[in-house]
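Visitor: How does the following fold in three dimensions:
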Amino acid sequence: MSPLLNHRPYSTHNILIIFCVLVAALPSYAGTGYIRVNQIGYEAGLSMRAYLMTTSAVSGAKYAVKNSGGTTVASGSVGATLGSWGSYSVYPIDFTLSAADTYTITASGPVSATSLGFRVDSPANLYATPLANNLYFYENERDGSNFIPTPLRTAAGHLNDASATVYDSPTFNSNGLIIGSLSPTGATINAEGGWWDAGDYLKFVQTHSYVVALMLIGVRDFPNQMGSLSTTSDFTNEAQFGVNWLQQMWNDSTETLYYQVGIGTDFKSYNYLSDHDIWRLPQADDTYDGTNAQYQYIRHRPVFVAGAAGSKISPNLAGRLSADFAECFQVYDATNPTLANQCILEAEHIFDLANTAPTGNLLTTAPYDFYPENEWRDDLELGATELYFALQRGNLPRGLPHTNPRYYLAAAANWAHAYITGPNDQTDTLNLYDVSGLAHFELYRAITLAGNPPGLAVSKTDLLTDLGNQMNTSINNAKDVFGYGLPFSTYDSVSHGAGMSVMAAEYNYLASNSTFAIDSRRWLANISGANAWGVTFTVGDGDTFPECMQHQVANLAGSLNGQPPTLNGAVVEGSNSAPTSGVVSGMIKCPPGGGDVYKKFNGNGAVYKDNVQSYSTDEPAIDLTATSFLMYAWRIAGGPSGTR
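Guide: Predicted structure coming up:
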């Protein structure tokens with residue numbers, strides 16, 4: 001996979017950094033093996049797979065599936081070995097059930113093991129709660145006065161952001177330390193609101209714009225699951241909350257973009273502390289340690305400006321922001337025309353300012369190493385496509401630079417062609433660093449809506465083929481015994497799994513076949529317990545999930561044993577190549593006695609550690625969670641049903 005996946009290795013001078021995770025109690029097993037199942041459950045009537053892990057090779061093992069009444073409803077022989085994982089041999093258990101119920105699987109013969117209980121049910125019954133949990137996560141990540149009270153959130157945070165001082169982008173040395181002092185521009189802006197990026201309290205347009213794009217598409221295309229017709233997981237207000245903050249970070253009258261609030265690294269020559277140096281609840285920051293100068297950038301967080309008024313905008317941000325605001329027009333034009341009209345104006349202005357010949361690093365965050373993105377053509381493809389959808393709706397405000405939707409359709413096709421023939425095609429799948437897996441799907445539908453006009457730079461066949469090639473390349477590169485679509489030893493492994501599940505659903509929908517149907521379900525299962533560690537990587541889903549997240553609110557205000565209150569819906573990094581360590585003053589140690597209950601299941605270069613110190617495996621983030629809500633919506637709905 002792309003080296004871009006390694007985006008969490010924050011400043012090397014201080015690996016104490018940020019984020020905490022909730023630790024899950026391993027179930028007790030009575031035998032000499034382990035059975036891993038999808039703890040969210042399996043869709044009734046479709047093929048299902050669990051995994052038997054044994055410490056030595058076996059043959060002739062049998063399995064039995066029992067319902068809630070203890071009756072055996074399916075049985076057979078465990079399949080031939082899929083290969084090894086660390087010190088374990090892994091075997092498939094394939095079965096199909098139709099009756100809605102809770103089941104367990106037992107293995108017998110040369111090995112004995114019993115699985116956790118799991119549901120078999122309809123997609124709506126299986127995924128409604130995980131989808132609602134995802135919404136709950138974002139609600140708990142809200143910054144500013146418009147927070148939502150929950151058992152974890154009792155006060156607003158960072159109200160001083162409402163009058164934040166603007167600074168030029170800082171310069172960093174090779175260790176990620178800020179060189180010199182911050183240089184104010186003389187401006188102040190209202191940067192209050194928005195979501196914290198992760199377990200820390202920084203706010204980035206880089207990740208925020210990605211989440212808003214996926215969230216608004218979910219609201220638009222899945223109104224029964226994520227929109228106004230949902231009674232349990234209506235993301236409409238949450239998406240608007242995200243849009244509102246992005247509008248504060250873009251001054252349309254002066255054409256000025258601000259891209260970050262707060263700093264997460266220290267200074268080389270000054271003793272100013274940053275967000276990542278302290279562990280606290282967000283409401284502490286506005287008055288943190290009185291007038292102590294060390295904490296001045298905690299109390300009064302800097303905002304960084306992308307460039308001079310009217311200057312070109314890094315194309316990754318320009319593409320995603322124009323997509324955000326074009327989708328805003330599509331979603332809110334009937335219910336909030338004032339917001340929608342402002343959004344479409346902003347979308348066109350930003351798209352026209354995109355720097356389409358960037359050199360050096362793209363603008364992401366300060367420092368760049370926090371999120372080292374290097375692909376941008378996909379972002380412009382998505383932005384242009386969403387602008388096409390917006391303009392073809394009609395009822396447009398006055399003063400738009402472009403009113404012909406075909407202008408943007410042609411632009412989207414050009415950028416899709418540039419991506420497909422560019423250096424990063426088939427090196428990644430849907431995630432923060434590559435949105436082509438969504439952009440291609442959107443553009444395919446846009447071309448259909450436009451009546452398949454001739455002369456475009458790409459055809460629908462080109463787009464569908466590239467979607468399939470991305471997944472096939474990833475599968476072939478991974479060669480994992482659990483059938484996962486990328487190595488479990490990479491950053492963002494969980495986010496990628498959900499993203500591939502979304503892409504598989506998209507492909508099957510467009511192709512009107514089931515080419516990747518099993519893969520789509522299996523990738524969801526892999527991140528929901530059907531993995532070496534037997535853990536779901538989303539808090540609140542299943543029986544065994546992270547309890548010790550590197551997330552300050554979860555650590556300080558939540559439970560540390562999986563019991564309420566927990567930060568339900570938070571998707572963590574998941575398995576990675578190595579855990580991290582480091583204690584920040586005020587951090588509650590978790591697990592309390594140390595230890596590593598998952599260590600014996602590490603293998604094939606991949607580790608998972610449920611420990612508050614390990615941000616590389618146990619930190620949740622807004623971008624990591626974004627593909628999950630689309631995945632659940634797709635599984636429930638089967639296809640988009642929203643209108644444009």
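Visitor: pLDDT value on Pro110, please?
Guide: We have a pLDDT of 94 for Pro110.
Visitor: for it, helix, strand, or coil?
Guide: coil (DSSP: H, G, I helix; E, B strand; the rest coil).
Visitor: ok, it to Ser77 distance?
Guide: Applying CB to CB, to the nearest Å, the value for Pro110 to Ser77 is 12 Å. Any C-beta I mention is one placed from the backbone N, CA and C, and that applies to glycine too.
Visitor: intersection of neighbour lists for those two?
Guide: Common neighbours of Pro110 and Ser77 (criterion: CB atoms under 8 Å, 6 or more residues apart in numbering): 60-61.
Visitor: Of the two, which one has the most company?
Guide: Pro110 (16 against 13; other CB atoms under 10 Å).
Visitor: for whichever strand or helix holds Arg406, packing partners?
Guide: Under the criterion of DSSP states H and E, Arg406 resides in helix 405-420. Counting contacts by 3 or more CB pairs under 8 Å, 6 or more residues apart in numbering; DSSP states H and E, helix 405-420 is packed against helix 377-391, helix 436-449, helix 460-478.
Visitor: May I see these arranged in a markdown table, with mean neighbour count, mean pLDDT and distance to Ser581 as well?
Guide: Formatted as a markdown table, the helices and strands packed on helix 405-420 follow (neighbours: other CB atoms under 10 Å; pLDDT from 0 to 100; distance: least, CB to CB, whole Å):
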| stretch | mean neighbour count | mean pLDDT | distance to Ser581 |
| --- | --- | --- | --- |
| helix 377-391 | 29 | 98 | 35 |
| helix 436-449 | 24 | 98 | 34 |
| helix 460-478 | 18 | 94 | 28 |
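Visitor: Throw those into TSV and include distance to Ala334, thanks.
Guide: Below are the helices and strands packed on helix 405-420 laid out as TSV (distance: least, CB to CB, whole Å):
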stretch	distance to Ala334
helix 377-391	13
helix 436-449	19
helix 460-478	29
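Visitor: Which one, of those, ends up nearest to Gly45?
Guide: Proximity to Gly45 (CB to CB) singles out helix 460-478 among those, at 24.2 Å.
Visitor: Remind me what that closest one packs against, helices and strands.
Guide: Packing partners of helix 460-478 (3+ CB pairs under 8 Å, 6+ apart): helix 405-420, helix 436-449, helix 493-511.
Visitor: got the angle between that helix and helix 405-420?
Guide: 30 degrees (axes from the mean of the first three to the mean of the last three CA atoms, to 10 degrees).
Visitor: Helix 460-478 vs helix 493-511, what angle?
Guide: 150 degrees.
Visitor: can you dump the C-alpha coordinates of helix 460-478 into CSV?
Guide: Provided in CSV are the C-alpha atoms of helix 460-478 (Å, rounded to 0.1, in the frame of the first residue of the first chain):
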residue,chain,number,x,y,z
LYS,A,460,-17.9,4.9,-17.3
THR,A,461,-16.0,1.7,-18.1
ASP,A,462,-12.7,3.5,-17.3
LEU,A,463,-14.0,4.5,-13.9
LEU,A,464,-15.5,1.1,-13.0
THR,A,465,-12.4,-0.7,-14.2
ASP,A,466,-10.2,1.5,-12.0
LEU,A,467,-12.4,0.9,-9.0
GLY,A,468,-12.0,-2.8,-9.5
ASN,A,469,-8.3,-2.6,-10.1
GLN,A,470,-7.7,-0.7,-6.9
MET,A,471,-9.4,-3.4,-4.8
ASN,A,472,-7.7,-6.3,-6.7
THR,A,473,-4.3,-4.7,-6.4
SER,A,474,-4.8,-4.3,-2.7
ILE,A,475,-6.0,-7.8,-2.3
ASN,A,476,-3.1,-9.3,-4.2
ASN,A,477,-0.6,-7.2,-2.3
ALA,A,478,-2.0,-8.2,1.1
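Visitor: Return the distance of that helix from the chain's centre.
Guide: Taking CA atoms, centre = their mean, to the nearest Å, one finds the center of helix 460-478 at 21 Å from the center of the full chain.
Visitor: Counting neighbours, what do you get for Gly79?
Guide: Quick note: Gly79 (other CB under 10 Å) scores 16 neighbours.
Visitor: what kind of secondary structure is it in?
Guide: coil.
Visitor: Is it in contact with Pro92, as I believe?
Guide: Yes: between Gly79 and Pro92 a contact is recorded at 4.0 Å, counting by CB atoms under 8 Å.
Visitor: ok, which stretches of the stretch 51-200 of the chain are helices?
Guide: Using DSSP state H, counting those that start in this stretch, the helices of the stretch 51-200 of the chain run over 123-140.
Visitor: again, but for the stretch 251-400 of the chain
Guide: Using DSSP H, counting those that start in this stretch, helices in the stretch 251-400 of the chain cover 296-299, 315-332, 337-352, 377-391.
Visitor: Ala606 is nearest to which of these?
Guide: Distance to Ala606, taken as CB to CB, is lowest for helix 377-391 among the helices of the stretch 251-400 of the chain, at 27.2 Å.
Visitor: residue contacts, Gly574?
Guide: 488, 493-494, 527, 537, 608, 617 are the contacts of Gly574 under CB under 8 Å, 6+ apart.
Visitor: mind redoing it with 10 Å?
Guide: 488, 490-497, 526-527, 531, 533, 535-538, 546, 606, 608, 616-618, 624 (CB atoms under 10 Å, 6 or more residues apart in numbering).
Visitor: Where does pLDDT dip in the protein?
Guide: Along the chain, the model assigns pLDDT under 70 to residues 1-31, 642-644.
Visitor: Pull the contacting residues for the nearest residue to Val78 once chain neighbours are set aside.
Guide: Residue nearest to Val78 in three dimensions, not counting chain neighbours: Ala61, with 4.1 Å by CB to CB, 6 or more residues apart in numbering. Shown in contact with Ala61 (CB under 10 Å, 6+ apart): 33, 52, 54, 77-79, 91, 93, 107-113.
Visitor: Can you say which of those residues are buried?
Guide: Neighbour counting by 16 or more other CB atoms under 10 Å classes 33, 52, 54, 78-79, 91, 93, 107-108, 110-111, 113 among the contacts of Ala61 as buried.
Visitor: that older thread, just the closest of the contacts of Ala61 to Met471, please.
Guide: Gly79 (23.5 Å).
Visitor: In contact with that closest one, which residues?
Guide: 49, 51-52, 61, 63, 90-94.
Visitor: circling back: what's the most distant pair in the contacts of Ala61?
Guide: So, those by CB to CB: farthest apart are Gly79 and Ser112, at 17.5 Å.
Visitor: any idea how far the residue lying closest to Gly157 once chain neighbours are set aside is from Ser322?
Guide: Counting by CB to CB, 6+ apart, Pro282 is the residue found nearest to Gly157 once chain neighbours are left out, at 2.7 Å. Distance, Pro282 to Ser322, using CB to CB: 30 Å.
Visitor: Give me the more crowded residue out of those two.
Guide: Per other CB under 10 Å, whichever of Pro282 and Ser322 has more neighbours is Ser322, with 33 against 20.
Visitor: doesn't Pro401 make contact with that one?
Guide: No: here Ser322 lies out of contact with Pro401, judged by CB atoms under 10 Å, at a distance of 11.8 Å.
Visitor: overlap in contacts of these two?
Guide: Contacts common to Ser322 and Pro401, judged by CB under 10 Å, 6+ apart, are 348-349, 351-352.
Visitor: Could you find the closest non-adjacent residue to Ser122?
Guide: Of all residues not flanking Ser122 in the chain, Ala44 sits nearest, at 6.2 Å (CB to CB, 6+ apart).
Visitor: Kindly report the same for Pro401.
Guide: Leaving aside its sequence neighbours, Pro401 sits nearest to Glu348 (CB to CB, 6+ apart; 5.0 Å).
Visitor: Check Leu524 too.
Guide: Nearest non-adjacent residue to Leu524, counting by CB to CB, 6+ apart: Ser501, 5.0 Å away.
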